[in-house]
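Visitor: Sequence first, then the predicted structure:
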Amino acid sequence: MKPQNLPALTWNDDDPQASIGPGQSRPVPGAQTRMYRLMVKPTDGQRMKVVLHAEDAERAKLYALNRWPSAAVSEPEPVT
């Protein structure tokens with residue numbers, strides 16, 4: 001499937017720049033996490049709101065950048 005035809009919240013597992021897996025694109029199992037809201041704007045797609053589980057705001061942004069390497073990612077906001 002071409003990237004422009006993928007559903008919005010997917011990422012390309014074959015992307016050589018993407019880092020997918022526990023500790024890279026999501027927390028390791030059993031970690032204490034909170035939910036964070038971010039805006040992600042892929043270079044070839046529409047802007048989307050994403051809610052991720054992460055240990056802290058810095059890691060939430062890192063997880064989003066690892067899933068969508070060439071995207072613009074906003075600063076995470078905790079979900080209350």
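Guide: Received it, and whenever you're ready, just let me know what you need.
Visitor: Tell me which helix or strand the most centrally placed residue in the chain sits in.
Guide: Nearest to the mean C-alpha position of the chain, by CA atoms, centre = their mean, lies residue 64 at 2.3 Å. Secondary structure assignment for residue 64, by DSSP states H and E: helix 57-67.
Visitor: Can you give me the buried ones in that helix?
Guide: By neighbour count with 16 or more other CB atoms under 10 Å, helix 57-67 contains the buried residues 59, 60, 61, 62, 63, 64, 65, 66, 67. (C-beta placed from N, C-alpha, C; glycine too.)
Visitor: what's near enough to touch the first one?
Guide: Pointing back at residue 59 there. Shown in contact with residue 59 (CB atoms under 8 Å, 6 or more residues apart in numbering): residue 27.
Visitor: From residue 44, how far out is it?
Guide: According to CB to CB, to the nearest Å, residue 59 and residue 44 sit 26 Å apart.
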